[in-house]
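Colleague: Got a predicted structure here, sequence first:
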Amino acid sequence: MSTTPVSPASHRRRPSTRRRVAVGVAAALIAAAALSAGVGLWDDWSGPSSQSSMQHHSASTPAETPTATASPSIVATSSSPPAEAHCGRPAGAAPVVKVTEVNVGVRVTGYGSEGDTEPLPTAIAATPSGDSWLAWLGTDKRVYLGRLDCDDQLVGTPTSVAGIDLQDVQADSGGAVVLLTRRGSCGSGTLCGGTSSPCNTMHMVRFDNSGNQVWERQVTNLSGNRGGYDDGARFVWWYQHHGRLASDGTNYAAYFSVAITVKNGNCVDIHEGDRMQVVNATTGSLVSGHDSFAVGCSHSWNTRIVWDPRTSHFVMVCATDNGCRIAQPDPYRTVAAGTCDGTLFGGDLVLASTPGYWTAWSQGGRARLEHFKNGPSDTTITTAAKSSHPHLVGYGAGRMLLTWASGSAMAGLVYDAGSGKAVGSQFAITVKDHNYQAFKAYPDGSAAYPAAGSGNTSIRIARVMPLNS
């Protein structure tokens, strides 16, 4: 590997005039370490306790023409969910939290130390009718996908597909798309230093409403002719590689951290940045344009994306040590200035009820909300949340929900999505937080979060029920 993993307690930064991340050479620099420790209820993950995001390099990244190709089809086990039904969950004057235990029947990957390179156990997606797709990572190198009804109960038989890391799941009326990682090949290229490390690939996999696989598409660019250690490769290495999905109704966009292979004489260096690729929901083919790019922020961690139907654009933010900030990528635009002191982390990104967006982020263990339109924030809300990893989600018309770890559980507070003012009082969400999992918004105004269950074959769904209009 190009660098040595550092303490999970913080990110580290070392000054340099030329901050190229060369594999194994003395000038290799580390920007971000894996995050705060804390073993979850699912404690079977036996991988490294911490890995690093990488520090920005000042050398320009070579231009790239994406050449992602579909992987061989994998037959998925079919399951038949019940007919679609509208989920009209009861609304109240204040947030009410409903926690449902779901026995999924197979072992689920544990939380581990919740580092930024460790596998994500679970993800959830809302359907247009208000029920859910629940995805989870098994301990058998497979990603599972099941349907939940309006009461968050598992229905039918889950399907599964090969995968070593789950990233996200999104859904539409025709089915669901899962973003996941698979084993790849480093090829025969020569590193400029260091030892071999996994060269993995990122994929979107599409399922219909019966759980049948429809297509899959690699959104990195490894192939039989290009390994991870070949010039121009874009792949998933050991450091930060989490990603998120968004949909414009016709296409799905994946925004994720990525390794960047650059020729350096007779060998190659490995850099780190992020990448956004768009895939047609019907055909599974890569789509050019649509705000996509080969490399955006560098170095990058906490990649977040949302579709804005008001402007017909995908909007993204990253945490980056390029200027130590929360930024929009391609081209860089600073949203909020931070400090590379090991405590700079991005949260989530949602549409504001007025023009623009809200993003949650943290510095020094205190969560902030920033409102922006295209570049610098015009409103900053310093919240009462003492957290390095805040979660933010749309919560009905004109509201958003900020949640964070609070002791052995979570806490939440509703905010106005226009003014940014708090609405009501802080409340408890009695499930275990995970640094990198996400709440998802539902059409009835509720929001749901998948968390560790009481055993290693169950998942708890924490649903914050809707508020009265």
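Modeller: Looks like it arrived, so ask away.
Colleague: Can you give me every residue that contacts the closest residue to Ser312 other than its chain neighbours?
Modeller: Closest residue to Ser312 apart from its sequence neighbours, by Cβ to Cβ, 6 or more residues apart in numbering: Asp248 at 7.6 Å. Every C-beta, even on glycine, is put in place using the N, C-alpha and C of the backbone. Asp248 is in contact with 290, 307, 309, 312, 314, counting by Cβ atoms under 8 Å, 6 or more residues apart in numbering.
Colleague: Equivalent analysis for Gly105, please.
Modeller: Gly105 touches 158, 457, counting by Cβ under 8 Å, 6+ apart.
Colleague: same thing but at 7 Å, please
Modeller: Thr457 (Cβ atoms under 7 Å, 6 or more residues apart in numbering).
Colleague: One more: Tyr442?
Modeller: Counted by Cβ under 7 Å, 6+ apart, Tyr442 has contacts 126, 130, 448.
Colleague: Output those in a markdown table; the columns should cover pLDDT and distance to Asp151.
Modeller: Listed next are the contacts of Tyr442 as a markdown table, based on pLDDT from 0 to 100; distance: Cβ to Cβ, whole Å:
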| residue | pLDDT | distance to Asp151 |
| --- | --- | --- |
| Ala126 | 98 | 14 |
| Gly130 | 97 | 11 |
| Ala448 | 98 | 12 |
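Colleague: Those into JSON lines, with extra columns for distance to Lys373, neighbour count and secondary structure?
Modeller: As requested, the contacts of Tyr442 are exported to JSON lines (distance: Cβ to Cβ, whole Å; neighbours: other Cβ atoms under 10 Å; DSSP: H, G, I helix; E, B strand; the rest coil):
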{"residue": "Ala126", "distance to Lys373": "26", "neighbour count": "20", "secondary structure": "strand"}
{"residue": "Gly130", "distance to Lys373": "30", "neighbour count": "19", "secondary structure": "coil"}
{"residue": "Ala448", "distance to Lys373": "29", "neighbour count": "23", "secondary structure": "strand"}
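Colleague: any idea which of these is closest to Gly232?
Modeller: Closest to Gly232 out of these is Ala126 (37.5 Å), distances taken as Cβ to Cβ.
Colleague: Was I right to think Ala336 contacts Glu370?
Modeller: Yes: in this structure, Ala336 is within contact of Glu370 by Cβ atoms under 7 Å, at 4.8 Å.
Colleague: which residues do the two both contact?
Modeller: When Cβ under 7 Å, 6+ apart defines a contact, the residues bordering Ala336 and Glu370 alike are 326, 361, 377.
Colleague: Turn the buried ones among the residues you listed into a named ChimeraX selection, would you?
Modeller: Command for ChimeraX that selects the buried part of these, burial taken from 16 or more other Cβ atoms under 10 Å:
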select :326,361,377
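Colleague: Buried only: go through the contacts of Asp248 for me.
Modeller: 290, 307, 314.
Colleague: Where in the protein is the helix or strand with the lowest mean pLDDT?
Modeller: Here the helix or strand of the chain ranked lowest by mean pLDDT, DSSP states H and E is strand 30-33, holding a mean of 32.
Colleague: Quickly run through the sheet partners of whichever strand or helix holds Trp301, with directions.
Modeller: Using DSSP states H and E, Trp301 maps to strand 300-308. Each strand paired with strand 300-308, and its direction, by DSSP bridges: strand 313-320 (antiparallel).
Colleague: tell me the mean pLDDT for the strand it pairs with?
Modeller: Mean per-residue pLDDT for strand 313-320: 98.
Colleague: now what about the strand holding Trp301, what contacts it?
Modeller: 32, 53, 116, 240, 243-244, 246-248, 253, 255-257, 272-274, 314-320, 345-346, 348-351, 357, 359.
Colleague: could you redo the buried ones among the contacts of Asp248 as a markdown table and give each row distance to Lys421?
Modeller: Shown next, in a markdown table, are the buried ones among the contacts of Asp248 (distance: Cβ to Cβ, whole Å):
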| residue | distance to Lys421 |
| --- | --- |
| His290 | 34 |
| Trp307 | 26 |
| Phe314 | 28 |
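Colleague: Going by distance to Asn468, which of those residues wins?
Modeller: Asn468 has its nearest neighbour among the buried ones among the contacts of Asp248 in Trp307, at 27.5 Å by Cβ to Cβ.
Colleague: So what sits opposite the closest one in the bridge?
Modeller: Beta-bridge partners of Trp307, as defined by DSSP bridges: Phe314.
Colleague: Residue ranges in the stretch 351-469 of the chain under the pLDDT threshold?
Modeller: Within the stretch 351-469 of the chain, not a single segment meets pLDDT under 70.
Colleague: Where does the residue nearest to Tyr395 when sequence neighbours are not counted fall, secondary structure wise?
Modeller: Counting by Cβ to Cβ, 6+ apart, Tyr395 lies nearest to Leu401, which is 3.9 Å off, once chain neighbours are set aside. Here Leu401, judged by DSSP H and E, is contained in strand 399-406.
Colleague: Point out the other helices and strands that that strand packs with.
Modeller: strand 366-372, strand 391-394, strand 409-416 (3 or more Cβ pairs under 7 Å, 6 or more residues apart in numbering; DSSP states H and E).
Colleague: and among those strands, the most buried is which?
Modeller: Highest mean neighbour count among the helices and strands packed on strand 399-406 (mean count of other Cβ atoms under 10 Å): strand 391-394, with a mean of 24.
Colleague: could you show me where the helices are in this structure, in order?
Modeller: Read by DSSP state H, the chain holds no helices at all.
Colleague: Low-confidence ranges, it, go.
Modeller: In the chain (pLDDT under 70), the answer is 1-85.
Colleague: 80 - rerun?
Modeller: 1-85, 195-196 (pLDDT under 80).
Colleague: Out of the buried ones among the contacts of Asp248, the closest to Ala91 would be?
Modeller: Trp307 (25.6 Å).
Colleague: Against Asp168, how distant is that closest one?
Modeller: According to Cβ to Cβ, to the nearest Å, Trp307 and Asp168 sit 14 Å apart.
Colleague: Tyr442 too?
Modeller: For Tyr442, the distance to Asp168 equals 16 Å [Cβ to Cβ].
Colleague: just Gly211 next, same as before
Modeller: Gly211 is 18 Å from Asp168, by Cβ to Cβ.
Colleague: Among those two, which residue is more densely surrounded?
Modeller: Comparing Gly211 with Asp168 by neighbour count (other Cβ atoms under 10 Å), the higher total belongs to Asp168, at 26 against 23.
Colleague: Show me what the more buried one is bridged to.
Modeller: According to DSSP bridges, the residues that bridge with Asp168 are Leu179.
Colleague: contacting residues for it?
Modeller: 123, 179, 243-245.
Colleague: again with Ser353
Modeller: Listed by Cβ under 7 Å, 6+ apart, the contact set of Ser353 reads 398, 417-418.
Colleague: pretty sure Gly163 contacts Val143?
Modeller: Yes: using Cβ under 7 Å, Gly163 is in contact with Val143, at 3.8 Å.
Colleague: quick revisit: turn the helices and strands packed on strand 399-406 into CSV, columns for distance to Pro198.
Modeller: Output for the helices and strands packed on strand 399-406, formatted as CSV (distance: least, Cβ to Cβ, whole Å):
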stretch, distance to Pro198
strand 366-372, 33
strand 391-394, 28
strand 409-416, 32
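Colleague: Which positions in stretch 392-401 come out as buried?
Modeller: Neighbour-count burial for stretch 392-401 [16+ other Cβ under 10 Å]: 392-396, 399-401.
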